[in-house]
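1. I would like the atomic coordinates for the input below:
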Amino acid sequence: MKVIAMIPARYSASRFPGKLLKDLAGKPVIVRTYEATVATQLFDDVYVVTDSEELKATVESFGGKVLMSVASHECGSDRIAEAAASLDVDVVVNVQGDEPFTRKEPLKDLIEVFKKDSAHQIDLASLIHPMTDWKEIENPNNVKVVLDNQQCVLYFSRAPIPYPQNKATATTYYKHIGIYAFRKSALTAFSSMPMRQNEATEKLEGIRFLEYGKKIKMVETPFKVIGIDTPEDLVLANNIWK
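-> From the prediction side, this is the model:
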């Protein structure tokens, strides 16, 4: 089974434009993420996928591999689907470019899902982390996941789901961590599946896979993701790195 990692990267970002080129302990954020992904030694290849010549030049100046996307894309899955279409691979892991503290353990767990799935029933795998703080649960930036008894996804939402009719009832809420592993066939099919109402409403691309019958397996991880979405996050990341 050939497994690669792809890191979708775009220059523009609504909350922090150009963040992937900002300095993190002496190197750009995107380079730190690329190097952390390579250092896991889990992948046959690691690529940054971008439509930015500046990002391409930066990554290549540090010895990284880059694939240029041709079309403009609304989400990372579309971007890496275009790049993966011509590659001879079985599984593609999407690592977020603004997560330079990427760790080996959760990525290894995602790859194991496909190694164990000899019947090829799983189309995607992703990560969840339990939440207990009600403010965290109510925060729409934390995507919630409802699972079936096989740890496969029933639905994603920015709202607190399942809805707590009685807060005294013991309910575990899961936060979705947006690192996906795809069978190549599921990934390349993504861009040909038109966006439907639920995805458009929630602004969550994972819903598209559900609406077209794809099976998403979730793996619980104890590791929290440290992403860089704002200038304040970058300051924190530099302090953590030190």
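2. Ser69 touches Ser52, doesn't it?
-> No. Ser69 lies out of contact with Ser52 (CB atoms under 8 Å); the separation is 9.6 Å. All C-beta spots, glycine's among them, are computed from the backbone N, C-alpha and C.
3. and the lengthiest helix in the chain, C-alpha only, in CSV?
-> Longest helix in the chain by number of residues, with DSSP state H as the criterion: helix 104-116. Taking C-alpha atoms only, helix 104-116 is exported to CSV below (Å, rounded to 0.1, in the frame of the first residue of the first chain):
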residue,chain,number,x,y,z
LYS,A,104,3.6,10.9,14.2
GLU,A,105,1.2,9.0,16.4
PRO,A,106,-2.1,10.2,15.1
LEU,A,107,-1.0,10.0,11.5
LYS,A,108,0.1,6.4,12.1
ASP,A,109,-3.3,5.6,13.6
LEU,A,110,-5.0,6.9,10.5
ILE,A,111,-2.9,4.8,8.2
GLU,A,112,-3.6,1.8,10.3
VAL,A,113,-7.3,2.1,9.5
PHE,A,114,-6.7,1.3,5.9
LYS,A,115,-4.2,-1.4,6.6
LYS,A,116,-6.8,-3.2,8.7
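4. Quick check: buried residues in that helix?
-> Using 16 or more other CB atoms under 10 Å as the test for burial, helix 104-116 gives 106-107, 109-111, 113-114.
5. Mind naming the longest strand for this protein?
-> strand 173-183 (DSSP state E).
6. Tell me which strands that one pairs with, and in which orientation.
-> Looking at strand 173-183 with DSSP bridges, its partner strands are strand 91-94 (antiparallel), strand 124-131 (antiparallel), strand 144-147 (antiparallel).
7. Just say helix, strand or coil for Ile207.
-> helix (DSSP: H, G, I helix; E, B strand; the rest coil).
8. If you could redo that for Ser185, that was the one I meant.
-> Per three-state DSSP, Ser185 ends up helix.
9. if I pick it, what's in contact with it?
-> Residues counted as contacts of Ser185 (CB atoms under 8 Å, 6 or more residues apart in numbering) are Asp123.
10. Kindly provide the distance from it to Ala81.
-> For Ser185, the distance to Ala81 equals 11 Å [CB to CB, to the nearest Å].
11. ditto for Val91
-> Val91 sits 14 Å away from Ala81, going by CB to CB.
12. same thing with His129?
-> Distance from His129 to Ala81, by CB to CB: 26 Å.
13. So for the two, which residue has more residues nearby?
-> Ala81 (26 against 18; other CB atoms under 10 Å).
14. give the contact list for the residue sitting nearest the centre point of the chain.
-> The residue lying closest to the centre of the chain (CA atoms, centre = their mean) is Ile179, at 2.7 Å. Neighbour list for Ile179: 93-96, 99, 106-107, 110, 126-127, 225 [criterion: CB under 8 Å, 6+ apart].
15. From Ser126, how far out is it?
-> Distance from Ile179 to Ser126, by CB to CB: 6 Å.
16. Now stretch 148-162: buried residues?
-> 151-153, 155-158, 160-161.
17. what comes into contact with that stretch?
-> Against stretch 148-162 from outside (CB under 8 Å, 6+ apart): 122, 126, 137-138, 140-147, 171, 173, 176, 202-204, 206-207, 210, 215-220.
18. that older thread, of the buried residues of stretch 148-162, which is the nearest to Tyr34?
-> Nearest to Tyr34, judged by CB to CB, of the buried residues of stretch 148-162 is Phe156 at 27.6 Å.
19. What does the pLDDT read for that closest one?
-> Phe156 carries a pLDDT value of 97.
20. Helices along the chain, start to end?
-> With DSSP H as the criterion, the chain has helices spanning 29-39, 53-61, 76-84, 104-116, 134-138, 184-190, 197-202, 206-211, 231-241.
21. Those: lowest mean pLDDT?
-> helix 76-84 (a mean of 84).
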